[in-house]
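J.: Any chance you could fold what I've pasted below:
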Amino acid sequence: MTIPPRSRAPARPLTWMLASLLATSLALVSACASVKTGTGGQPGGDGTGAAAANSGGGSLFGSGGTSVTLPADTADASRGTITSSNGATGGCKNLQCQQPTCKDGPCAQAACPAGQTTSVSGTVYDPAGSTPLYNVVVYVPNADLADIPEGVSCQKCDGTATGSPIATALSDASGHFVLSNMPVGHYIPLVIQVGKWRRKVTIPTVTACQDTPITDKNLTRLPRSQSEGHLPQFALTTGHADALECLLRKIGVADQEFTTDAGTGRVHMFVGGATSGDGAGSKGFAATVNGGVAFPNASTLWGSPDKLRTYDILVLSCEGASYADAKSPYRQNIKSYADMGGRLFADHKHSYWLESGAAPWPQTAVYMNDNNDLPDPSTLKIDDTFPKGMALADWLVNVGASTTRGSLPVFQGQYSVKAVTPPYTQRWIYYDAEVARPGVEYMTMNTPVESSADQQCGRVVFTDVHVVSAAAGGVAPDVSWPEKPFPTGCTSTTLSPQEKALEFMLFDLSSCVQPETVRPVPPAPE
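T.: Presented below is the predicted three-dimensional model:
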């Protein structure tokens, strides 16, 4: 019997079959990869193919380079994100597709063996790359970073990490961090941020089911300049009795970032002191820096509420006296600045703004304004009765500023504050060697002090310790004098123990505002 042949579908052209196969392959690959790559296939890079640090903002997926066009069911046209192609809402997107926890369609990742995880670890450093930093947020973004607002703003701890972070961590008292549930692959973007300091870098490779340690300090330090990321906008007033401008240089802020308010640097310089000129610190730049231009007077800063609002942080160097004539008209301006979310770093005789400031600031502590210095040297104690105080005590040991936990050797300690007044102010470092003359050497307060904690956005740090680079070993301290144009008065290159303590307080001042009784935690990943 003859069996009739089966009916057959018309033959498909070979070109159609190849195109179909290619489209299917691209859809599967694209669903578990990034949308765009910089030249050389590097997400989050600078478009040049370099797996190195890039700027603090910009596109998560780089600029330039190649672009993959995705099928309609996997691409979010508004953001260019990748989703799993199984049609489910809320699927893995972008770098989530490379996380071990992604179990969505073609993006599903193999589980690690028991006891193994995919992580990245490292240590966060100051811009100089020398001192580890506490309480810095480290995270992997999954979208473009939002621009950081310029000038005074309310920075609460639940809203500083942008870019839809998918893995987050905080550096501990040794500066160490561990990011768990990391995306696996090459050129993974990493953001390092504390307050308005922010830098985005690229991790060359993250290997599945093991820790990837970052040992290159250049990849985990904060930015030195605007070319590396975002820095807060500082206004710094010089004073004859201290040199906080030299401290900023030593922690790594690049010289090109020091300008007047007519320049584009992130540290605008002003000269403080009395209306007569007494107490003035450095009054201008050296001839080889910014053309030797003079600093404007601090009264042009303090006297303008609009100008004050353009700065994130005011750094006020001690002038050797209070000089009330130069400050009295502007007391309400300074309080209003802090109440709006501004940050104030007040050194010694700038206790005037607190002791004689707008109400209720004079009630925030027991102010003494005693001109008798503490014995030189003195051993101060760390108040470790609150979370950050505990971290400071540990950190000082870790960075070599303390040989005994809970103590700090200092030179030129002052005596302006006898005691804090809770809940307005928090004591950090204090002197108790003389029963009749206790003193608070470092204290903070969140502002407005008369508001509830959930309404406080600003912060004030007061220090009664000058930045002396060294009183022993033959090294002269840095100076800020009228006859020493900046930066010629900055002669030392290493941080003394008390300068390290000041560095801790400066970056704490930069961080998001929360009650001192609350332990810092990293932002929750999405």
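
J.: the helices in the chain, which residues?
T.: Assigned helices in the chain, in chain order: 14-30, 244-250, 299-302, 305-308, 324-327, 331-339, 352-355, 387-398, 497-510 (criterion: DSSP state H).

J.: Could you export those helices as CSV, including mean neighbour count?
T.: All C-beta atoms are positioned from the backbone trio N, CA, C, and that covers glycine. Below are those laid out as CSV (neighbours: other C-beta atoms under 10 Å):
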stretch, mean neighbour count
helix 14-30, 12
helix 244-250, 24
helix 299-302, 20
helix 305-308, 15
helix 324-327, 17
helix 331-339, 21
helix 352-355, 23
helix 387-398, 21
helix 497-510, 23
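
J.: Let's have these in TSV, adding distance to residue 271 and mean pLDDT.
T.: Putting the helices of the chain into TSV (distance: least, C-beta to C-beta, whole Å; pLDDT from 0 to 100) gives the following:
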stretch	distance to residue 271	mean pLDDT
helix 14-30	58	42
helix 244-250	11	97
helix 299-302	10	98
helix 305-308	15	98
helix 324-327	11	95
helix 331-339	17	98
helix 352-355	17	98
helix 387-398	32	98
helix 497-510	21	96
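
J.: mind listing what the closest residue to residue 460 other than its chain neighbours touches?
T.: Of all residues not flanking residue 460 in the chain, residue 344 sits nearest, at 4.5 Å (C-beta to C-beta, 6 or more residues apart in numbering). Applying C-beta atoms under 8 Å, 6 or more residues apart in numbering, we find residue 344 in contact with 313, 314, 316, 334, 337, 338, 353, 458, 459, 460, 461.

J.: can you check residue 192 too?
T.: Listed by C-beta under 8 Å, 6+ apart, the contact partners of residue 192 are 124, 136, 137, 138, 198, 199, 200, 201, 220, 221, 222.

J.: Closest to the centroid, which residue in this structure?
T.: residue 194 (2.5 Å; C-alpha atoms, centre = their mean).

J.: Verify the contact between it and residue 510 for me.
T.: Yes - judged on C-beta atoms under 8 Å, residue 194 makes contact with residue 510 at a distance of 5.5 Å.

J.: pull the helix or strand with minimum mean pLDDT from the protein.
T.: Ranked by mean pLDDT, DSSP states H and E, the weakest helix or strand in the chain is strand 66-67, scoring a mean of 26.

J.: re the thing from before, mind putting the helices of the chain in CSV, distance to residue 380 included?
T.: Output for the helices of the chain, formatted as CSV (distance: least, C-beta to C-beta, whole Å):
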stretch, distance to residue 380
helix 14-30, 59
helix 244-250, 18
helix 299-302, 30
helix 305-308, 32
helix 324-327, 27
helix 331-339, 26
helix 352-355, 20
helix 387-398, 10
helix 497-510, 9
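
J.: Share the number of residues neighbouring residue 362, please.
T.: Neighbour count for residue 362, taken as other C-beta atoms under 10 Å: 12.

J.: what residues are up against the nearest residue to it once chain neighbours are set aside?
T.: Leaving aside its chain neighbours, residue 362 sits nearest to residue 355 (6.0 Å; criterion: C-beta to C-beta, 6+ apart). By C-beta under 8 Å, 6+ apart, the contact list for residue 355 reads 361, 362, 367, 369, 416.
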